[in-house]
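Chemist: Got a predicted model here, sequence first, then my questions.
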Protein chains: 8
Amino acid sequence: MSEVKDILQRVASGEMSPEEAELKLKLKPFEDLGYAKPDYHRALRQGTAEVIYGEGKTAEQIIGIAGALLRRGQKIVLITRLSDEKAENVNKEIPLEYHKDGRIGIIGKAPDEKIGKIVVATGGTSDIPVAEEAALTAEAFGNNVTRLYDVGVAGIHRLLSHSEDIMSAKAIIAIAGMEGALASVIGGLADCPVIAVPTSVGYGAAFGGLAALLSMLNSCASGVSVVNIDNGFGAGYLAGMINHMGV
Amino acid sequence: MSEVKDILQRVASGEMSPEEAELKLKLKPFEDLGYAKPDYHRALRQGTAEVIYGEGKTAEQIIGIAGALLRRGQKIVLITRLSDEKAENVNKEIPLEYHKDGRIGIIGKAPDEKIGKIVVATGGTSDIPVAEEAALTAEAFGNNVTRLYDVGVAGIHRLLSHSEDIMSAKAIIAIAGMEGALASVIGGLADCPVIAVPTSVGYGAAFGGLAALLSMLNSCASGVSVVNIDNGFGAGYLAGMINHMGV
Amino acid sequence: MSEVKDILQRVASGEMSPEEAELKLKLKPFEDLGYAKPDYHRALRQGTAEVIYGEGKTAEQIIGIAGALLRRGQKIVLITRLSDEKAENVNKEIPLEYHKDGRIGIIGKAPDEKIGKIVVATGGTSDIPVAEEAALTAEAFGNNVTRLYDVGVAGIHRLLSHSEDIMSAKAIIAIAGMEGALASVIGGLADCPVIAVPTSVGYGAAFGGLAALLSMLNSCASGVSVVNIDNGFGAGYLAGMINHMGV
Amino acid sequence: MSEVKDILQRVASGEMSPEEAELKLKLKPFEDLGYAKPDYHRALRQGTAEVIYGEGKTAEQIIGIAGALLRRGQKIVLITRLSDEKAENVNKEIPLEYHKDGRIGIIGKAPDEKIGKIVVATGGTSDIPVAEEAALTAEAFGNNVTRLYDVGVAGIHRLLSHSEDIMSAKAIIAIAGMEGALASVIGGLADCPVIAVPTSVGYGAAFGGLAALLSMLNSCASGVSVVNIDNGFGAGYLAGMINHMGV
Amino acid sequence: MSEVKDILQRVASGEMSPEEAELKLKLKPFEDLGYAKPDYHRALRQGTAEVIYGEGKTAEQIIGIAGALLRRGQKIVLITRLSDEKAENVNKEIPLEYHKDGRIGIIGKAPDEKIGKIVVATGGTSDIPVAEEAALTAEAFGNNVTRLYDVGVAGIHRLLSHSEDIMSAKAIIAIAGMEGALASVIGGLADCPVIAVPTSVGYGAAFGGLAALLSMLNSCASGVSVVNIDNGFGAGYLAGMINHMGV
Amino acid sequence: MSEVKDILQRVASGEMSPEEAELKLKLKPFEDLGYAKPDYHRALRQGTAEVIYGEGKTAEQIIGIAGALLRRGQKIVLITRLSDEKAENVNKEIPLEYHKDGRIGIIGKAPDEKIGKIVVATGGTSDIPVAEEAALTAEAFGNNVTRLYDVGVAGIHRLLSHSEDIMSAKAIIAIAGMEGALASVIGGLADCPVIAVPTSVGYGAAFGGLAALLSMLNSCASGVSVVNIDNGFGAGYLAGMINHMGV
Amino acid sequence: MSEVKDILQRVASGEMSPEEAELKLKLKPFEDLGYAKPDYHRALRQGTAEVIYGEGKTAEQIIGIAGALLRRGQKIVLITRLSDEKAENVNKEIPLEYHKDGRIGIIGKAPDEKIGKIVVATGGTSDIPVAEEAALTAEAFGNNVTRLYDVGVAGIHRLLSHSEDIMSAKAIIAIAGMEGALASVIGGLADCPVIAVPTSVGYGAAFGGLAALLSMLNSCASGVSVVNIDNGFGAGYLAGMINHMGV
Amino acid sequence: MSEVKDILQRVASGEMSPEEAELKLKLKPFEDLGYAKPDYHRALRQGTAEVIYGEGKTAEQIIGIAGALLRRGQKIVLITRLSDEKAENVNKEIPLEYHKDGRIGIIGKAPDEKIGKIVVATGGTSDIPVAEEAALTAEAFGNNVTRLYDVGVAGIHRLLSHSEDIMSAKAIIAIAGMEGALASVIGGLADCPVIAVPTSVGYGAAFGGLAALLSMLNSCASGVSVVNIDNGFGAGYLAGMINHMGV
């Protein structure tokens, strides 16, 4: 709000006309492309990556939004939930690095220097696409990531053999489908925040991730919170936020 | 079906009239009390306890059914889901031993000699009523029971410190509310069948045991099966069946 | 835990250096393939088949895991939920016997000698794929299997005409979609544990197996427990465990 | 619609003025009590019982509606879902016969002569209140009723011993909570329409009757249809309708 | 059961050996094809059509079952939920008449003489496939059918203009998706049993027919019962049963 | 936003100091009571009633909020979901008129002059409390209300006899539990917006209003929208808004 | 009803025979195409567009219905949920203007003069198809429409920068998937009715629009009502109705 | 794991006997009270408060567990979900400070020095009990807490007037029932992690917090994660963890 006072003082001093001031106060911190209104606020504040959610957008719309962001000076743009085909089409206009596993496209270059430690753990092999979405997002925002894949609780020694990684992390992302028990067990072992990501992996009464979601929401371990089913990006972004606070 | 042939041969030989035979073939192996038809088949076959589900029955009905069973020679009768008040009323007519924790009344005496080993484990303290229903049932059917209460997965070392009990059991009953992860972890450690009992313990998104139920049905550990929410009796009975096979 | 003491005594006696001991205590009973951590514990303990869940894994990953298991001396490897196409691809690297009905691939040879008696019953013809998954699994683990297909409760005499099979089984797998009543009726006739498998067969308010699942969980017959919808493998494995105890 | 023509002809012949005719065509076949608009159509057409749903109405409202019906010449009035207390209060103004089991009050007298045969079967003892609501309703509408209580499918011989009743019925009401399998088994044995009534009896995953409801809707037996959970009245009324057609 | 007595008397009189008698008593009223156990009981009793549920069965299995039925003397065989493609394949072996709208194949010829009156009404045009399944089934079982399509309650005069059909029917099938209100309105107008069929027509919060299903189960009109979502066959069969009683 | 320009011009002209201006721009249009922040914006804009949602607030909190509103010049304050007991306690401090049926308390006096025409219709007698909440709200905001209670679709003539009221309304509130079909039928008859209110009236598969809610959301009639289950206030408020536009 | 009197008076005066009169009273205000019964009432009353719901209808049926409407003098016909392919086929018989975004076909020409102001706002880019269905519908019925796309609440300033549009609208359509919070925030800012449209946009726990639907139904803002998931047409039609009242 | 090596070296050096070492390695970091196994690990590691979940435990059990914790040197013990009555009973044995609003009892004294800044915001007045559970927990763990109550999104200016608090927080807890939109709006304004807590406040389609839960899980704002419905403690604990990292 100090900006407001600044503008007002400039009006009072005659430096700025009331009309100019009103315009300034109204100035939209986003661009209106009609079909989208990309937001520059966050980018300016954080100076790192900006994100486009690719699903439900055409390649043309993605190109439009990414172009607008780049024109405003954005260095890195992440495109999540990006299909092979759209990635190819976007790439024709704006070169990007495509990670098939995590369905992520990266325009620009992730920061070389990475800090802290985020552990990304999965219950099984089938959870890897969600895990890669999380891990790539976290790396794009400048975080060190340790991957622990297929450490589900039915073979608890596989997880326990990585106790040191779990104890030394600043934030942990626990990704699991089926019964989603991984989050609780990790939550009991760790001292840092645990972000649980239920996945739609499983069949029958897994109900598209509902079983894992409910399981994780009911975790009896403290320090565990949950994001949407298959939301690897959300977990990676949040873990990065926490990891940066702890360094 | 050999009984059928036997009856037919006696008819052929004139030992039995067709009318008698027809009657015999029709003879009902249960008694009709109008409001209930207690079944003597199982009792005769197994020679052990017979069970009355107490909920939704009046004390009068319970007395009627128990009386009919005792008259037919039943030595032990279990009454599950029995409230304090009904237990008192039944007790006036037919003396019983009431276990408040597991809401079970026992008429007659459980067998002195118990065999094998059933482990009854709970995730938390609040799951104990369901656990006692399971344990008392198993004991009434002549099984040794080891109780491991409050060994939830958020403090995995509490469970691991009992590995020996888990490894040596013939059947394990894993009882948990909230996220129900106990079943999967025990399932991964044990070599014997694990019967998972979700409990209605929890709040919010536990949805009365639904979260634990789904979690347990989706267990990634082999050898785990599930009974209804809070169904301590069902688990105790089934564990006893398995335990007797394994001795 | 006696291993621990053994190691410690060898350290005390100088047979083993502390470093070696620490390594030994840490030794991972699984191999880390990055995308998977196949577990050798169970295989060693049980000396029979090891199982790979095929869904959500690429043919390459399956080959990788199966290869690791075979290198460690595993004689039989079961691959469940294996599509035609993947089976063909795996077969190019590692010869396997593919059972299309049950979507199961078997590497190695199931034991010739089979013991006990497991009954696999289905409500209808459409439940056969799940039933075959169960039956083939049980056979691969050395159990005799009797198949009773299309004996649903709407024609109760079809089931009753097989009473002898039901009475003589060591474990029964009751598989049904739609209303799932089969489990209760069999549960009332049998003296052995009944494992109920709801299937996603049906339409409308069957809700992908939910109706059968709830029906089976609420079975009023004792000795019945439930596994996940369409989980033929889980039922076959558990039935085998129980059958082996009872022989 | 022939009434319309009759009125028009009387107008044409001068017997009736246009104003009178319009009034006649508008005449409401119900009375407006403000809080309720009791309907006389059905009563007139069927000449038998009229029904008031007691739940959510005050004793005063019930008295008001019943009074209006009696004033219009109704001989029998059924009040369903009537609590003890309200029954007592209504009784002070209008004498009624109260059936506590089925929570039904009857004003007037059910017809002495009853026809046909309706079988009312329940899975357990706890389903009896719903069964009595059905049976008393059917009797009030002049139908013979045979009660078969506690014939659940877990003891199939209890049901089979009543095959003759099932084969000779004109309509059957199958009432069950828990897994609701009774409807399918009866549906397979009977040649007449079977009306299935799920009850809210059960616990845990019975979810207040949802399990039985879904089970019954998915019945694989032909000739089975379903009414709302605990809707004994609806089943009794419909069974009576069918029974009267078949006599 | 009189058959039993008859057999017994023949044994008593020496007309039949005990062995023969036992065999007779055991004789299975169905054939075992391995994958299916077609039931001849119903066919014999009712002398009309026999039904095969086509979904989830291969063309080969359908041919096998139909063949077995025809060999036992069945005159008409209905195959429901039959796809175009399977119909063509079955037709190569056993000629059938295929109704694409209702996805029904008929082997043999429906009875020429039809009796009574069944009204089949739909809320909209999209409900017609389910309605045709119902209507064709009813016709195959010898019932007269009147079709009232697209008479949904949002244009209540379309329904009211057919009051005479509704008043004169012996049984009515009310088919609707979306909010399913048709059943209640028809139920209020009709004096005969109304069988409500929710359809999966609709979008969004129709949830595949759940909205219509719940709506119909909660109908405030008496005489309405419900079958499974899209279960045109079930409704047609049941309506036929009732129509035959009322003639 | 013109206020902003006005303030800025006064700053430019020296009429107002930058500090004053900043304060002005920040001025909160609500009061902070700690536990609540009553909002004066709406009241000022609309000059009519202000509303307090009574449930989950103590009598003390209600008195505090109402007092704050009155001090700011509010003439009429509506308190919805107000229990008998709380009404009495509030009344001791601030006199109010309590309507038990609709659980509404009114401080001040509703406008004498009422305009337009809102029809409030219910399916049954049990829906009246919700209807009164809607009707009293609409009246407090100066709308004429016509009540049509117990005009459910199972007796369609009761509704049709009020066609004139329905045709002449500016807005209609259709309130129904159970199957909620009332909204669709009224929607088909009316030319004005219809606000559907599902109620929690019903039992079994009504699932606390869910059946009616889904039914209403799927209404095939145009011009129908839905508010929350039992939300009489919301419907009354919205109907008033629309009614005022149409006069 | 004045028509009735008029007809009656003509009968009384001999101008019309009773037979003619009866016919007149019965005259159906719709045409019966067998598969559909298009309704002319609404068209006649409102003189504007008539609507065909395209989903679940064949191109032939759409042509049939549209033709019937045009023959009766309808000037504009809207076809909603119309696929590319069907649009092409219809176009061959009856020329139409196809809007791919909103999946709407328009036969005839929307009125040139448009009145009032409807704001159509979306939370994101992916909600645009539903928004276009709403906007095109509103325009076809003669309403001015202002589009505010991608103004979701996570960037609240994007929405606030359009406060003037929101304050000056006669009706607002708030369209959002995911958490659906847009409706509440707009509801708090606006003085006019807000019609909330949940969309099926989102993944995981969005459950096909359920999350947004529940969120919108629970809106704490007054003046908000909800239509079915993805029901752009319904919202556009209702908003037009309200907008016309307010002009 | 370095402890293991240390123990082994002491065995090698003869400082420790193998028996002692084995014991040490087995030493349980918890006490076994039979009904509970309080865990000392966390307490030792974090040196702050230990927590007992009060619901489902008797006062005796709470006293037992608290006593065990205090005997092991724990300075502060929090008891959550503690009823008035139990608080009184516990207080007789172990003095505690009871906070009725948040249903929390505190044994010992919260740290005087508090650090950082946690904002606890609620949508309405009824959410305060959950908010107090969160705030008191955070304070007990040494965090500064700013309370912003009743800042729901339907009056967005109430929230915006606290932008400075939101911008300067290290962690924010957004608590809301009904539509739960608060989390998304705050998530869009804040730069720090936002922990969303759905509450069971609301009625009808709020379904006990389900609407808010789904809404929050689908938040389109980055940096938002969710804990269980009404889980104030979980949010307070996690926020404290994050706040301590950021200081």
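Modeler: Arrived safely, thanks for sending. Numbers count the residues shown, from 1 in each chain, chains lettered A, B, ... in the order given.

Chemist: helices or strands next to the strand of greatest length in chain A in the packing?
Modeler: In chain A, taking DSSP state E as the definition, the longest strand is strand A:115-122. Contact here means 3 or more Cβ pairs under 8 Å, 6 or more residues apart in numbering or on different chains; DSSP states H and E; on that basis strand A:115-122 packs against helix A:128-140, strand A:143-148, helix A:163-168, strand A:171-176, helix A:182-189, helix A:232-245. No exception for glycine: its C-beta is placed from N, CA and C like everyone else's.

Chemist: List the residues that contact A:Ile172.
Modeler: A:Ile118, A:Val119, A:Val120, A:Ala121, A:Ile166, A:Ile186, A:Ala190, A:Cys192, A:Pro193, A:Val194, A:Ile195, A:Ala239 (Cβ atoms under 8 Å, 6 or more residues apart in numbering or on different chains).

Chemist: beta partners of the closest residue to A:Ala169 other than its chain neighbours?
Modeler: Distances taken as Cβ to Cβ, 6 or more residues apart in numbering or on different chains put A:Val119 closest to A:Ala169, at 4.2 Å, once the chain neighbours are dropped. Here A:Val119 sits in beta bridges with A:Thr146, A:Ile172, going by DSSP bridges.

Chemist: so how far is chain H from A:Val119?
Modeler: 15 Å (Cβ to the nearest Cβ, to the nearest Å).

Chemist: Does that residue touch A:Asn143 like I think?
Modeler: No. Contact between A:Val119 and A:Asn143 fails when scored by Cβ atoms under 8 Å: they sit 10.8 Å apart.

Chemist: I'd like to know how many residues surround A:Ala176.
Modeler: Neighbour count of A:Ala176, defined by other Cβ atoms under 10 Å in any protein chain shown: 33.

Chemist: residue contacts, the residue lying closest to it once chain neighbours are set aside?
Modeler: Nearest non-adjacent residue to A:Ala176, counting by Cβ to Cβ, 6+ apart: A:Gly123, 3.3 Å away. For A:Gly123, the contacting residues are A:Asp150, A:Val151, A:Gly152, A:Val153, A:Ile175, A:Ala176, A:Gly177, A:Met178, A:Gly180, A:Ala181, A:Leu182, B:Cys220, by Cβ under 8 Å, 6+ apart.

Chemist: Do I have it right that A:Ile62 meets A:Val90?
Modeler: Yes. At 5.4 Å, A:Ile62 and A:Val90 qualify as touching, with contact defined as Cβ under 8 Å.

Chemist: Tell me the residues that contact both of the two, please.
Modeler: With Cβ under 8 Å, 6+ apart as the test, A:Ile62 and A:Val90 both reach A:Ile79, A:Leu82.

Chemist: which one of these two has more residues nearby?
Modeler: Using other Cβ under 10 Å as the criterion, A:Ile62 and A:Val90 rank with A:Ile62 on top: 26 against 23.

Chemist: Helix or strand next in line after the lowest-mean-pLDDT helix or strand in chain A, which one?
Modeler: Here the helix or strand of chain A ranked lowest by mean pLDDT, DSSP states H and E is helix A:41-46, holding a mean of 45. Per DSSP states H and E, helix A:41-46 leads on to strand A:49-53 as the next helix or strand towards the C-terminus.

Chemist: Run through who's touching the next helix or strand after that following strand.
Modeler: Moving toward the C-terminus from strand A:49-53, the next helix or strand (DSSP H and E) is helix A:59-71. If you take Cβ under 8 Å, 6+ apart as the criterion, helix A:59-71 is touched by A:31, A:33, A:35-36, A:38, A:40, A:43, A:50, A:52, A:54, A:57, A:77, A:79, A:82, A:86, A:89-90, A:93-94, A:107, G:125.

Chemist: tell me the domain ranges of chain A?
Modeler: Chain A resolves into domains spanning A:29-108, A:115-244 when parsed by automatic domain parsing.

Chemist: The residue nearest to A:Ala211 when sequence neighbours are not counted - how many residues pack around it?
Modeler: Nearest non-adjacent residue to A:Ala211, counting by Cβ to Cβ, 6+ apart: B:Leu214, 3.6 Å away. Residues near B:Leu214, counting by other Cβ under 10 Å, number 30.

Chemist: now the one 10 residues further on
Modeler: A count of nearby residues for B:Val224, using other Cβ under 10 Å, gives 30.

Chemist: Same question for the one 5 residues further on.
Modeler: The criterion is other Cβ under 10 Å. On that basis, B:Ile229 has 25 neighbouring residues.

Chemist: In what element of secondary structure is it found?
Modeler: Per DSSP H and E, there is no helix or strand for B:Ile229.

Chemist: which ones are touching it?
Modeler: Counting by Cβ under 8 Å, 6+ apart, B:Ile229 touches B:197-200, B:208-210, B:212-213, C:217, D:203-205.

Chemist: what's the distance between the nearest residue to it once chain neighbours are set aside and B:Gly187?
Modeler: With sequence-adjacent residues excluded and distances taken as Cβ to Cβ, 6+ apart, B:Ile229 is closest to D:Gly204, at 2.9 Å. Noted for D:Gly204: a distance of 21 Å to B:Gly187, by Cβ to Cβ, to the nearest Å.

Chemist: Check A:Val77 too.
Modeler: 45 Å.

Chemist: For the contacts of A:Gly123, which entry has the maximal number of neighbours?
Modeler: A:Gly180 (40 neighbours).

Chemist: Identify the spatial nearest neighbour of it, chain neighbours not counted.
Modeler: A:Ala212 (3.2 Å).

Chemist: same question, A:Gly187
Modeler: Using Cβ to Cβ, 6+ apart, the closest residue to A:Gly187 is A:Ala221 (2.8 Å).

Chemist: isn't that neighbour right up against A:Leu182?
Modeler: No. Counting by Cβ under 8 Å, A:Ala221 does not reach A:Leu182; the two are 10.8 Å apart.

Chemist: Any residues of chain A in contact with chain E? List them.
Modeler: By the rule Cβ under 8 Å from any Cβ of the partner chain, no part of chain A lies against chain E.

Chemist: Near chain B, which residues of chain A? Just list them.
Modeler: Counting by Cβ under 8 Å from any Cβ, chain A sits next to chain B at A:123-124, A:152-156, A:160, A:177-181, A:183-185, A:187-189, A:202, A:204-207, A:210-212, A:214-222.

Chemist: For ChimeraX, write a command that selects the buried ones of those.
Modeler: Of the residues of chain A next to chain B, the buried ones go into a single ChimeraX selection, burial set by 16 or more other Cβ atoms under 10 Å in any protein chain shown:
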select /A:123,124,152,153,154,155,156,160,177,178,179,180,181,183,184,185,187,188,189,202,204,205,206,207,210,211,212,214,215,216,217,218,219,220,221,222
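
Chemist: Helices - which of the residues of chain A next to chain B land there?
Modeler: The helices, defined by DSSP state H, take in A:156, A:160, A:183-185, A:187-189, A:210-212, A:214-217 from these.

Chemist: With respect to A:Pro18, which of the residues you listed is nearest?
Modeler: A:Leu217 (52.3 Å; Cβ to Cβ).

Chemist: Surely that closest one touches B:Ala205?
Modeler: Yes. Assessed by Cβ under 8 Å, A:Leu217 is found in contact with B:Ala205 at 4.3 Å.

Chemist: shared neighbours, those two?
Modeler: Common contact partners of A:Leu217 and B:Ala205 (Cβ under 8 Å, 6+ apart): B:Ala211, H:Leu213, H:Asn228, H:Ile229.
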